[in-house]
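# for reference, the sequence and a predicted model appear below.
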There are 2 protein chains.
Amino acid sequence: MIVGCGFGGLFAVRALARSPVEVLVIDRNNYHLFQPLLYQVASAALAPADIAQPIRTILRHQKNARVMLAEVRRIELAARRLYAGEERIAYDYLILAPGAIDNYFGHEEWRAHAPGMKEIEEATFIRSRMLRSFEIAEIEHDPAERAAHLTFIIVGAGPTGVELAGAIKELAVDVVPRDYRVVDTRHAHVVLIEAGPRLLPALHADSSERALAQLRSLGVEVRLNQRVMQVFVDGVEVNGERLRSYNVIWAAGVRAAPVTAALGVALGPGGRVEVAPDCSVPGHPEVFVIGDAAWLVDRTSGAVVPGVSQGALQMGRYVAGLIDAEVRGAPGARAAGFQYRDKGSAATVGKSRAVVELGRLRFGGLPAWFAWMALHLVVLIGFRNRIVVLISWIYSYVFFRRGSRLITRVTLPPEPRA
Amino acid sequence: MIVGCGFGGLFAVRALARSPVEVLVIDRNNYHLFQPLLYQVASAALAPADIAQPIRTILRHQKNARVMLAEVRRIELAARRLYAGEERIAYDYLILAPGAIDNYFGHEEWRAHAPGMKEIEEATFIRSRMLRSFEIAEIEHDPAERAAHLTFIIVGAGPTGVELAGAIKELAVDVVPRDYRVVDTRHAHVVLIEAGPRLLPALHADSSERALAQLRSLGVEVRLNQRVMQVFVDGVEVNGERLRSYNVIWAAGVRAAPVTAALGVALGPGGRVEVAPDCSVPGHPEVFVIGDAAWLVDRTSGAVVPGVSQGALQMGRYVAGLIDAEVRGAPGARAAGFQYRDKGSAATVGKSRAVVELGRLRFGGLPAWFAWMALHLVVLIGFRNRIVVLISWIYSYVFFRRGSRLITRVTLPPEPRA
């Protein structure tokens, strides 16, 4: 049984296609979401359906897989069963891949003012709020209010924060200015706030420098070593200073989905489950935790397997291989433990700007941007999605337009329960 | 000034592009919605952004047009001004094109259980509810509950009801069955209820017969001469009989947007404003009402101009022409009055089935379906949209798939205020 159909869960169930097992996939959404491109939904470049594919459609031809739309409420490790929706379900093996949620460091009340970038509804909410702010700025008489509507604050400078800051500034500078008569959106103020000393802390310092230069040349204000102390409906308090903005977005860090806390086992930083080298829960070889809900120190490198899609999908394949070997009567495969292969990292900073790291190779600019685009298109699930996303990208590249600039009414999803 | 940017408002403002006037377009949404295809969003074939285009983008190159996102709350005919959002705005000419809303005939409480097909949020709500019902049916143990989740009731057999019934049945029969392991969605029960004696009452009886035969061959249950007396969360009461369904959709008729009631002038059936032959409000030659908020008996035919997109856009062009002539000092153009030209009607009943009427020509089947498709693609606003919609159609035709099968959290829009 597999809980969660992000990259980890999806690659695990696919890798089990020819195994003599019955797989049940449980997810609280009916789609697999390509999270790395969610910021493009928030910045009105792509439509939600471009980056989300129904799980049932993906697994349509996999005979040994069933899909269930439900939220997992409780897991009884000793009894080897769990509760999903109204159902009680027993398992032989369990792969937990519930992913991560935004970490507000104890200030859950900030979520309403500063949604994160994890769910489709958050992205469409951020998009609608941003577009409505442009509309209000166009008719607002008070200069201070107008400025607050034209200020966009992104908290946290990981890949999501960096990419979103670039995309919003670009939207304001290149895409929408000709649409407005009164207000000049090119003066929109995009502020990226990072508590640490550099952007993209997971990448090499060279890439951080490169991304910083690219963002600043775009006109994004980058504030390093500054910590957000308070979030209001109309701004933030950062290092004692009050910045006004009706568009605060949270990208300051994640923690494991709360279902991990219900396991009753040792948790590492950010609520991630400290798993054994084979990704299993200590004392329960039949239960695996993978993806960014797992905390695993790689034996060779001594580094923690990062909470990125590559980490999740490699863990998914690995764990599926273990299970396949054991049900076929060939145990002993676990001894080696999981080994993470860094296939490189990339972040884009607006159109034709990006930073890419492939092994020792680090580069930026247009080549990096093409590499980033190719990489994402290859991994993007689903044939139709690839074509539509490619068209949308070419279209907005050539015409400086964005395809999904709709203001709609959205309900923010409830926080996942423990 | 133009209020409402549906077909009527949009064609009016475009027709005024070279006039020596300043145009202000006010709409409560930031996009022009291609309502005739909204049912394809509800049935998961198209994404919202495929059929909606930001008004600002459409009017980007029209120098004399400004756009304002606001709801019009009050109109003072005598003082020639109106209140939109927080603003008070004076006008020389006013074109009211607010469109229609669903008519629950005094039972507004039914809206929550049986949303209509007027707004994007309603379509995505209907889509999400329908897809969730398939999911619940897959795990539901109680056969009666399962059947209620697999029953879809559409109230009203105008074009929207007919097209939606066909699209949902097709989704259940051709698109999703292979995705489910337990439930057989091909047995999903689609019921179309019509109070009148035939389908598509606005078309010729031949077309009604043809559409009826097409729907029945698809497996849709059509109930004519039956009136819905009550709507519940889990079904309807029709002719004393209780039908259970968690998916009731309202397509039983429309009334003019409530802003018309605030004018203080004579209203015709469905709250439509009884306008003079030149579409103006009697006693106020500077105020026009167009589209399906207007009630106008055509001089030549003696028939009421129908509340369809063709009627709205022809009225929009006509009124724009009158205003242009008058501001250029050439009055007298009003004498002839507006004349409606019926350019034909079409309704599609699922894939490769449709009925089309062009003058005296009436036909069905595959040729009608191609005619319907071409017609809609030509009128669809926006270059990108046309390409994406065409790809989506070809894709779902060839692969029997639907592109936008996402269950998302949606807030139904509030009823427009008077």
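Ah, there it is.
# now the strands for the stretch 201-350 of chain A?
Applying DSSP state E, counting those that start in this stretch to the stretch 201-350 of chain A gives strands spanning A:221-223, A:228-232, A:235-238, A:241-244, A:247-250, A:254-256, A:273-274, A:280-281, A:284-289, A:294-295, A:345-348.
# surely residue A:319 touches residue A:286?
No: using CB atoms under 8 Å, residue A:319 is not in contact with residue A:286; the gap is 11.2 Å. Any C-beta I mention is one placed from the backbone N, CA and C, and that applies to glycine too.
# quick one: which of those two has more around it?
Ranked by neighbour count (other CB atoms under 10 Å in any protein chain shown), residue A:319 and residue A:286 place residue A:319 first, with 27 against 15.
# how many neighbours does the spatially closest residue to that one that is not a sequence neighbour have?
Leaving aside its sequence neighbours, residue A:319 sits nearest to residue A:288 (CB to CB, 6 or more residues apart in numbering or on different chains; 4.7 Å). Look at residue A:288: counted by other CB under 10 Å, it has 30 neighbours.
# which residues touch stretch A:106-113?
Contacting residues not belonging to stretch A:106-113 are listed as A:102, A:104, A:231, A:232, A:233, A:248, A:250, A:412, A:415 [CB atoms under 8 Å, 6 or more residues apart in numbering or on different chains].
# farthest-separated two in the residues you listed?
Greatest spatial distance in these: A:232 and A:415, 20.0 Å, computed using CB to CB.
# between the two, which has more neighbouring residues?
Legend: neighbour count by other CB under 10 Å for residue A:232 and residue A:415, higher for residue A:232 (16 against 13).
# which ones are touching that one?
Residue A:232 sits next to residue A:113 when contact means CB under 8 Å, 6+ apart.
# cool, and residue A:268?
By CB under 8 Å, 6+ apart, the neighbours of residue A:268 are A:274, A:295.
# ok, now how distant is it from residue A:293?
Noted for residue A:268: a distance of 10 Å to residue A:293, by CB to CB, to the nearest Å.
# neighbours of the residue of the stretch 201-350 of chain A found nearest chain B, how many?
Per CB to the nearest CB, residue A:246 is where the stretch 201-350 of chain A lies closest to chain B, at 14.8 Å. Neighbours of residue A:246 under the rule other CB under 10 Å: 22.
# wait, what's in contact with residue A:172?
Residue A:172 touches A:150, A:152, A:185, A:186, A:188, A:190, counting by CB under 8 Å, 6+ apart.
# which SS class is it?
Secondary structure state of residue A:172, per DSSP: H, G, I helix; E, B strand; the rest coil, is helix.
# quickly note the distance from it to residue A:138.
13 Å.
# likewise residue A:184?
10 Å.
# what about those two, which has more around it?
residue A:138 (20 against 11).
# that one contacts residue B:56, doesn't it?
No: counting by CB under 8 Å, residue A:138 stays clear of residue B:56, with 9.3 Å between them.
# okay, and the common contacts of these two?
The contact sets of residue A:138 and residue B:56 overlap at residue A:180 (CB under 8 Å, 6+ apart).
# adding pLDDT and secondary structure, write the contacts of residue A:172 out as TSV.
Shown next, in TSV, are those (pLDDT from 0 to 100; DSSP: H, G, I helix; E, B strand; the rest coil):
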residue	pLDDT	secondary structure
A:150	96	coil
A:152	97	strand
A:185	90	helix
A:186	90	helix
A:188	94	coil
A:190	97	strand
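# now, of those residues, which are buried?
Neighbour-count burial within the contacts of residue A:172 applies to A:150, A:152, A:185, A:188, A:190; the criterion is 16 or more other CB atoms under 10 Å in any protein chain shown.
# any idea whether residue A:391 is helix, strand or coil?
Residue A:391 is classified as helix under three-state DSSP.
# quickly name whichever of the contacts of residue A:172 is closest to chain B.
residue A:185 (11.0 Å).
# and the pLDDT at the nearest residue to that closest one once chain neighbours are set aside?
Spatially, and ignoring its direct neighbours in sequence, residue A:185 is nearest to residue A:172 (4.6 Å; CB to CB, 6+ apart). Residue A:172 is assigned a pLDDT of 92 by the prediction.
# tell me how far residue A:172 lies from chain B.
14 Å (CB to the nearest CB, to the nearest Å).
# residue A:22 too?
10 Å.
# could you give the number of residues near that residue?
Other residues within reach of residue A:22, judged by other CB under 10 Å, total 12.
# could you point out which element follows the helix or strand containing residue A:356?
Per DSSP states H and E: residue A:356 is located in strand A:354-358. Using DSSP H and E, the helix or strand that follows strand A:354-358 towards the C-terminus is strand A:361-364.
# what comes up buried for that following strand?
So strand A:361-364, judged by 16+ other CB under 10 Å, has buried residues A:362, A:363, A:364.
# how about the first one: which residues does it bridge to?
On DSSP bridges, the residues paired with residue A:362 through beta bridges are residue A:357.
# about what we covered before: so can I have JSON lines of the contacts of residue A:172 showing distance to residue A:208?
Listed next are the contacts of residue A:172 as JSON lines, based on distance: CB to CB, whole Å:
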{"residue": "A:150", "distance to residue A:208": "28"}
{"residue": "A:152", "distance to residue A:208": "21"}
{"residue": "A:185", "distance to residue A:208": "28"}
{"residue": "A:186", "distance to residue A:208": "27"}
{"residue": "A:188", "distance to residue A:208": "24"}
{"residue": "A:190", "distance to residue A:208": "18"}
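# closest to residue B:40 out of the residues you listed?
residue A:185 (32.4 Å).
# OK, contacts around the closest one?
Contacts here follow CB under 8 Å, 6+ apart; on that basis residue A:185 touches A:134, A:137, A:150, A:172, A:173, A:176, A:177.
# for those, work out which two are farthest apart.
A:137 and A:173 (14.8 Å).
# the two - which one has more neighbours?
Shown here are residue A:137 and residue A:173; by other CB under 10 Å, residue A:137 has more neighbours (21 against 18).
# doesn't residue A:163 belong to a helix?
Yes: per three-state DSSP, residue A:163 lies within a helix segment.
# ok, it - how many residues close by?
Neighbours around residue A:163, by other CB under 10 Å: 28.
# and if you look at residue A:334?
17.
# pull up the gap between the closest residue to it other than its chain neighbours and residue A:323, please.
Nearest non-adjacent residue to residue A:334, counting by CB to CB, 6+ apart: residue A:278, 4.2 Å away. Distance of residue A:278 to residue A:323, computed by CB to CB: 11 Å.
# what's the local residue count around residue A:107?
Neighbourhood size, residue A:107 [other CB under 10 Å]: 13.
# the one 4 residues further on too?
For residue A:111, the number of neighbouring residues by other CB under 10 Å comes to 17.
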